[in-house]
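>>> got a sequence here, can you build the structure:
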Amino acid sequence: MGHAAWSCWSQLQQAERDAFVSDLGRGASTRAGLLRRIVEDDRVRSAKRNEAFVTMQYFGYLRRDPDEAGYQSAAEAIAYSLETMKA
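Next up is the predicted model:
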């Protein structure tokens, strides 16, 4: 599984993942249908939006490729800020 697909999959709860695997195994859903359900999940969309925003800041303002430590720190700071605003 690719990095992007894995990060989407990891946003889901274990019970949701188990249900997806079960649906696929018994033919209740196709791989394409499951992928669509995963990427349209609000948690996945939010996580990907934050990652894209941080990447955009690196390229647009810093004019360089993201370094792993700085990228993770910025993505975590955004996620934390959004969570505290919800509370």
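
>>> give me the domain ranges for this structure.
Following the assignment in automatic domain parsing, the chain carries domains at 1-40, 42-87.

>>> quick one: distance of the first one to the chain centre.
Averaging C-alpha coordinates over domain 1-40 and over its chain gives two centres that are 13 Å apart (C-alpha atoms, centre = their mean, to the nearest Å).

>>> quick one: mean pLDDT for it?
Domain 1-40 shows a mean pLDDT of 79.

>>> returning to that earlier point: turn the domains of the chain into a markdown table, columns for mean neighbour count.
The way it works is simple: take the backbone N, C-alpha and C, and place the C-beta from them, glycine included. Below are the domains of the chain laid out as a markdown table (neighbours: other C-beta atoms under 10 Å):
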| stretch | mean neighbour count |
| --- | --- |
| domain 1-40 | 12 |
| domain 42-87 | 12 |
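
>>> give me the contact list for stretch 75-83.
For stretch 75-83, the surrounding residues in contact (C-beta atoms under 8 Å, 6 or more residues apart in numbering) are S46, A47, N50, E51, F53, V54.

>>> and the next helix or strand past the host helix or strand of the second one?
A47 is part of helix 42-57, with elements assigned from DSSP states H and E. Sequence-wise, the next helix or strand beyond helix 42-57 is helix 68-86, with elements assigned using DSSP H and E.

>>> the inter-axis angle of that following helix versus helix 42-57?
Interaxial angle, helix 68-86 versus helix 42-57 (axes from the mean of the first three to the mean of the last three C-alpha atoms, to 10 degrees): 130 degrees.
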